[in-house]
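> I would like the atomic coordinates for the input below:
(one chain, ligands or ions: 1)
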Amino acid sequence: MRKFGLLAAVGALAMVAGAANAQFADRTIRVSNGVNAEHPVGNGVAKMTSCLATKSGGKMKLQAFWGGALGGDLQATQALRSGTQEMVITSTSPLVGILSDLGVFDLPFLFANEKEADSILDGAFGKFISDKMPGVGLVNLSYWENGFRNLTNSKKPVAKVEDFPGLKVRVMQNNIFLDTFKTVGANAVPMAFQEVFPALETKAIDGQENPFVTIDTSKFYEVQKYLSVTRHAYTPFMVLYSKQLYDRLSADEQKALVDCSAEGQKEQRSVSRALSDKSLANLRARGMAINEISAPEQKRMRDAVKPVYERGAATIGKETVDRMQAELAKIRS
Ligand code: KDG
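Model (predicted):
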């Protein structure tokens, strides 16, 4: 036993010494997000924080700001580009004004399931998009999961295409989402995430769309009656770092950020998927009227929004859309 204890002590010393030899400076890294700390992004940030502490000997710390405290996704991302903030975990959708290719992820009914999403994001296509980020002043450390989006509203169940007209639905500030909801006849209203709850509460809008986990942790059940399981889009999160601040880090610090964001990704996706069914059950328990969409009606919805792909390619870029379609065809073959 004594020998084992001695070995463990030597191992721990080596690890601390290893961290001490590596180039790490004392840093507090501000990271913001639009959701609340209870969202699985909180689990991912906690994992990333402990990973950085281990790798840097306690020198690299994350300071998390929740609920859009440092501004919405787009505003925080612009702060990264100007070098006034280190990190943001943001949906890709509000960033299409910075890099229009990101709109590819917003194409309606693009992914069938999380497995496809992971294969695309963690494979060649995800790298193709990440490689474009330094050109707009950003470094994508990894993709985390926002998830499959579903429609909520305060007026009626939505079970078929004909139920959308007349609904005032908030969407992210994104041309593809605007086109999708306008194409099915809804009155689509672009809005930053932080404005959604008050707008629902005052009935300035009838509905919004988000994954179950976000609807649950943002307490939309307090101001929404109907939940329709549309799964109309899958939104990734990007774990973005300011390129100008990233370039000032040592190679060891950069590697620690990339490796620990990958650790955070595993944790965040796992918690997001484990929590999704629990969130749906909680939304039901909170009194939401929940309806599925029948297979024939799902097909009618998909057919109705097919023109969004062609119109979207004009802004996303045909090469990017074609590359995505080719990658998906490979995965599905
Ligand atoms: O920061 C990320 C959140 O804002 C995220 O929930 C964005 O899905 C989103 C929405 O609907 O704006």
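> this structure against the ligand: which residues are in contact?
Residues of the chain lying near the ligand by CB under 6 Å from any ligand atom: 33-35, 73, 90-91, 146, 172, 193, 210, 214, 235. No exception for glycine: its C-beta is placed from N, CA and C like everyone else's.
> let's see 5 Å
33-35, 73, 90-91, 172, 193, 210 (CB under 5 Å from any ligand atom).
> neighbour count added to the residues you listed, as a markdown table?
Listed next are the residues of the chain next to the ligand as a markdown table, based on neighbours: other CB atoms under 10 Å:
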| residue | neighbour count |
| --- | --- |
| 33 | 29 |
| 34 | 28 |
| 35 | 22 |
| 73 | 27 |
| 90 | 26 |
| 91 | 24 |
| 172 | 28 |
| 193 | 24 |
| 210 | 25 |
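> now flag whichever of those is closest to residue 304.
residue 172 (20.2 Å; CB to CB).
> give me the spatial nearest neighbour of the closest one, chain neighbours excluded.
Nearest non-adjacent residue to residue 172, counting by CB to CB, 6 or more residues apart in numbering: residue 93, 4.2 Å away.
> I'd like to know which of the residues of the chain next to the ligand are part of helices.
Under the assignment DSSP state H, those contribute residue 73 to helices.
> ok, so of the residues of the chain next to the ligand, who is nearest residue 242?
Nearest member of the residues of the chain next to the ligand to residue 242, counting by CB to CB, is residue 90, at 12.7 Å.
> residues in contact with the residue of the chain found nearest the ligand?
The nearest approach of the chain to the ligand comes at residue 34, 2.3 Å away (CB to the nearest ligand atom). Applying CB atoms under 8 Å, 6 or more residues apart in numbering, we find residue 34 in contact with 67-68, 72-73, 90-91, 192-194.
> now swap in residue 118 and tell me
By CB under 8 Å, 6+ apart, the neighbours of residue 118 are residue 269.
> give me the pLDDT value at the residue nearest to residue 172.
The score at residue 93 is 97. That number is its pLDDT.
> picking up where we left off before, from the residues of the chain next to the ligand, which single one is nearest residue 294?
For the residues of the chain next to the ligand, the nearest to residue 294 is residue 210 (22.3 Å; CB to CB).
> how about the helix or strand hosting residue 125, which residues are buried there?
Per DSSP states H and E: residue 125 is located in helix 124-130. Within helix 124-130, the residues scored as buried using 16 or more other CB atoms under 10 Å are 125-126, 128-130.
> tell me what residue 189 is bridged to.
On the basis of DSSP bridges, residue 189 is bridged to residue 170.
> can you verify my assumption that it contacts residue 205?
Yes. In this structure residue 189 lies within contact range of residue 205 using CB atoms under 8 Å: 5.6 Å.
> need the overlap of contacts for the two.
With CB under 8 Å, 6+ apart, residue 189 and residue 205 have common neighbours 168-170.
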